[in-house]
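Novice: Turn this into a structure:
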Amino acid sequence: MGGIRRIDECPHAILRPISAMAMDTEGYMGRAFLAVAVTLFGISLANAQTDVLIEIDRGRTEGLFTKAPVFQRAILSKPATPTQTAVLFFRGYPGIARIQSVADKQPNLLPFMRMNQQIFQEEGIALVIMDCPTDQWGVRGPHPTSCLDDYRSSKEHADDVRSVIAKLRDEHGISKIYVLGHSFGTISSRWLATNLGNEIAGSIHSAAINVSNPKENGYSLSSFAYDSIAAPTLHIHHENDACRVTPYSIVKEYAGENLVTVRGGVRGGDPCGGTHLHSYQGREELVVRSIISWIKSKKVDRLIGE
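Specialist: Coordinates of the predicted model:
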């Protein structure tokens, strides 16, 4: 069966009918139409991205009776032009992406990332949507039963992420790695910043979770030592974040001059969800551009959204 092909896979099939239409039109209008059509086609190709499923056998098994291999998966979104820089994105709650194909990319991007992912492509930065390894998927449901603090703070988590970094380097020529966690995902981004040291170029912590109750997710961060992080660090947080476990006041105490404060936007829905100030509703593009600016220049936009 024939399928729908991407525009960047069949340029001649597209250009032939465009050319034919232009030739059938006499004079200046025909030439102008062809010029515009070819220009737009070129822009489309320049902005094209390629999504690649990364799947790595981690050499361990899971299951009591039937032993199944454990895989670390991720989705790499490569810009049209080669790049050496990538951002590894760790999603918010419940934190488990359950990636099986590239079709799982969009559901695992928060609105502020999903709406502006093309900016990463335009700026020549690859975006990698990270998952927990399959032995940390746990029972499917509204609350995660696995891939919690004990795993995210472990050497095993760092080693699993190292396997993705190695594949990016060896097969895609990407060697400059940043980790980006949002909310629940900052459990990973902070522990990886410590455990990977200078193996990464930097870490970005968005709407960071900060709790001290040992029964809650994020308990491992209650006494986290930020001076243990070797690579450059950026914190980004809305000053009116209403989520109970991500108070701005705590981040402001430890982030110092490495904090981007977000102001303004739209309140709506779950205070800890993707459509509230917690996830920068109404300020999404500003946040993404601030992150990219820091990656490229290490300049911190101290206040955005005024």
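
Novice: Number of residues surrounding the nearest residue to F184 once chain neighbours are set aside?
Specialist: Leaving aside its sequence neighbours, F184 sits nearest to Y93 (C-beta to C-beta, 6 or more residues apart in numbering; 4.1 Å). From N, CA and C alone the C-beta is placed, and that goes for glycine too. A count of nearby residues for Y93, using other C-beta atoms under 10 Å, gives 20.

Novice: Please apply the same query to I250.
Specialist: Neighbours of I250 under the rule other C-beta under 10 Å: 15.

Novice: Assign a three-state SS to it, would you?
Specialist: Classification of I250 using DSSP: H, G, I helix; E, B strand; the rest coil returns helix.

Novice: ok, now I204?
Specialist: The three-state label given to I204 by three-state DSSP is strand.

Novice: For it, which non-adjacent residue is closest in space?
Specialist: Nearest residue to I204, sequence neighbours excluded (C-beta to C-beta, 6+ apart): L180, at 4.3 Å.

Novice: Domain map for the protein?
Specialist: 7-44, 49-304 (automatic domain parsing).

Novice: Give the pairing partners of the longest strand along the chain; include direction for each.
Specialist: For the chain, the longest strand by residue count, based on DSSP state E, is strand 49-62. Using DSSP bridges, strand 49-62 pairs in its sheet with strand 68-79 (antiparallel).

Novice: Show residues contacting the helix or strand that the partner strand is followed by.
Specialist: Using DSSP states H and E, the helix or strand that follows strand 68-79 towards the C-terminus is strand 85-90. Under the criterion C-beta atoms under 8 Å, 6 or more residues apart in numbering, residues 74, 76, 109, 113, 120, 124-130, 161, 164-165, 168, 174, 176-182, 185-186, 188-189, 201, 204, 291, 295 lie in contact with strand 85-90.

Novice: Distance from the chain centre to the next helix-or-strand element following strand 85-90, please.
Specialist: Scanning forward in sequence from strand 85-90 by DSSP H and E, the next helix or strand is helix 111-114. Relative to the mean C-alpha coordinate of its chain, helix 111-114 is positioned 9 Å out (C-alpha atoms, centre = their mean, to the nearest Å).

Novice: immediately after helix 111-114, which helix or strand?
Specialist: Taking DSSP H and E, what comes next after helix 111-114 is helix 117-122.

Novice: any idea how far that next one is from the chain center?
Specialist: On the basis of C-alpha atoms, centre = their mean, helix 117-122 sits 11 Å off its chain's mean C-alpha point.

Novice: just checking, what packs against that helix?
Specialist: Applying 3 or more C-beta pairs under 8 Å, 6 or more residues apart in numbering; DSSP states H and E, one finds that helix 117-122 makes contact with strand 68-79, strand 126-130, helix 284-297.

Novice: tell me the mean pLDDT over the second one?
Specialist: When pLDDT is averaged along strand 126-130, the result is 97.

Novice: which is the next helix or strand following it?
Specialist: Moving toward the C-terminus from strand 126-130, the next helix or strand (DSSP H and E) is helix 149-152.

Novice: From the contact counts, what lies against the helix or strand just after that following helix?
Specialist: Proceeding N to C from helix 149-152, the next assigned helix or strand is helix 155-172, under DSSP H and E. The contact analysis (3+ C-beta pairs under 8 Å, 6+ apart) places helix 155-172 against strand 49-62, strand 68-79, strand 85-90, strand 126-130, strand 176-182, helix 186-195.

Novice: Can you give the strand pairings for the shortest one, parallel or anti for each?
Specialist: By that I understand strand 126-130. According to DSSP bridges, strand 126-130 forms sheet pairs with strand 68-79 (antiparallel), strand 85-90 (parallel).

Novice: can you tell which of those strands is closest to T134?
Specialist: Comparison of the strands paired with strand 126-130 against T134 by C-beta to C-beta identifies strand 68-79 as nearest, at 5.0 Å.

Novice: Can you mark which positions in the closest one are buried?
Specialist: For strand 68-79, the neighbour count (16 or more other C-beta atoms under 10 Å) marks V70, F71, Q72, R73, A74, I75, L76, S77, K78, P79 as buried.

Novice: List just the nearest of these to S220.
Specialist: Q72 (20.7 Å).

Novice: Would you check how far apart the closest one and D270 are?
Specialist: 30 Å (C-beta to C-beta, to the nearest Å).

Novice: Also I187?
Specialist: From I187 over to D270 (counting by C-beta to C-beta), the distance is 19 Å.
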